[in-house]
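**Q** Sequence first, predicted model second:
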Amino acid sequence: MGIDTTKPQGSTTGPVRIPAQHKAAPRKAAKAKQAATPPSPPKPKRSVLRRLMALWPVAVIAIAVGGFYMYSLSDIHKAGVGDCASYDAGDATDPYSRASCGSDSSTLRVLQLVSINDSCRDVAGATQSTRDYSTGETTQACLGPKDADPANSINVAQKGDCLTGADERAQRVPCTDPTVAFTILERYNDVAKSQVGTSCTTVPRATDAFAWTWQANGTGPQIQSLEVDAVFCLERVKR
């Protein structure tokens with residue numbers, strides 16, 4: 001009895017092989033479909049000039065805004081000696097602005113223009129400056145109260161000068177002036193705040209002490225100082 005090698009009808013023992021003529025048919029159909037689809041017409045290219053024209057309104061606005069910002073930022077640096085200015089404590093970026101001397105907003109006057117590397121503290125009448133590390137300016141304006149007389153300024157008062165008082169309203173006046181209240185016996189510069197109260201204890205005849213500090217209203221990096229700019233040891237004038 002021999003082995004029957006005939007497979008039952010419809011049964012499979014492995015993958016069904018597709019006749020070669022059926023494999024090629026889909027590729028031919030795809031090629032025929034591609035050949036039947038006409039190519040899309042090329043999109044017209046926009047010229048460089050047209051693209052630039054489309055962008056010019058944006059560029060004009062950007063230049064205008066940037067120019068206005070730079071003008072306002074450096075406005076005070078265009079001021080001259082004698083010009084007036086206002087100070088906005090709420091504007092940390094650019095607090096100083098030029099202002100008409102007759103306006104209510106002008107409270108300061110430009111007393112002198114000095115190099116950014118120099119100090120305004122020795123300028124008679126100056127109480128603050130426009131020093132700004134962010135604008136790239138090479139000069140700074142030394143400012144003081146608009147209506148104050150620099151000759152009466154306390155920031156340049158020295159030993160032997162006379163004052164009308166011992167507070168922020170004090171003025172330097174001739175010692176023959178009837179408003180004199182104190183004579184300066186000694187002046188100490190850059191005194192630690194913790195030592196202000198004892199600075200004048202060793203000065204003979206000193207009855208009062210007055211500390212004067214520069215108004216740090218400039219823009220740019222601000223460091224809280226641990227010192228006062230000057231301590232005046234005073235003798236009260238007897239009437």
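**A** Done, it's in.
**Q** Okay, domains of the protein per the record?
**A** Domain assignment for the chain, taken from automatic domain parsing, gives 64-147, 154-239.
**Q** Mind telling me which of those domains the model trusts least?
**A** Confidence, taken as mean pLDDT, is least for domain 64-147 of these (a mean of 79).
**Q** can the domains of the chain go into CSV with extra columns for mean neighbour count?
**A** From N, CA and C alone the C-beta is placed, and that goes for glycine too. Shown next, in CSV, are the domains of the chain (neighbours: other Cβ atoms under 10 Å):
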stretch, mean neighbour count
domain 64-147, 16
domain 154-239, 15
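**Q** Bridge partners for Y188, pull those for me.
**A** The bridge-partner assignment for Y188, based on DSSP bridges, gives V231.
**Q** Run a quick check on it versus V228, I expect a contact.
**A** No. Contact criterion Cβ atoms under 8 Å: Y188 and V228 do not qualify, at 9.2 Å.
**Q** Assign a three-state SS to H77, would you?
**A** Remark: H77 carries the secondary structure label helix [criterion: DSSP: H, G, I helix; E, B strand; the rest coil].
**Q** Let me see the ranges of the strands in this protein.
**A** Assignment of strands within the chain using DSSP state E yields the ranges 84-87, 96-99, 108-115, 128-129, 139-145, 162-163, 172-173, 182-192, 208-212, 227-236.
**Q** Export the ones you listed to a markdown table and append columns for distance to S199.
**A** Listed next are those as a markdown table, based on distance: least, Cβ to Cβ, whole Å:
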| stretch | distance to S199 |
| --- | --- |
| strand 84-87 | 30 |
| strand 96-99 | 33 |
| strand 108-115 | 28 |
| strand 128-129 | 24 |
| strand 139-145 | 25 |
| strand 162-163 | 16 |
| strand 172-173 | 19 |
| strand 182-192 | 6 |
| strand 208-212 | 6 |
| strand 227-236 | 5 |
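**Q** what's the closest of the ones you listed to T198?
**A** T198 sits nearest to strand 208-212 of all those, at 8.9 Å, using Cβ to Cβ.
**Q** Other residues contacting the closest one?
**A** Strand 208-212 is touched from outside by 154-155, 163, 166-167, 170, 182, 191, 196-197, 199-200, 228-236, with contacts defined as Cβ atoms under 8 Å, 6 or more residues apart in numbering.
**Q** Now it - C-alpha only, CSV.
**A** Provided in CSV are the C-alpha atoms of strand 208-212 (Å, rounded to 0.1, in the frame of the first residue of the first chain):
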residue,chain,number,x,y,z
ASP,A,208,24.3,119.7,67.5
ALA,A,209,25.1,117.4,64.6
PHE,A,210,23.5,117.4,61.2
ALA,A,211,23.8,114.6,58.6
TRP,A,212,23.5,115.4,54.9
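**Q** Okay, now the sheet partners of that strand, with direction.
**A** Strand 208-212 sits in its sheet next to strand 227-236 (antiparallel), going by DSSP bridges.
**Q** angle of the partner strand against strand 182-192?
**A** Between strand 227-236 and strand 182-192, the angle comes out at 160 degrees (axes from the mean of the first three to the mean of the last three Cα atoms, to 10 degrees).
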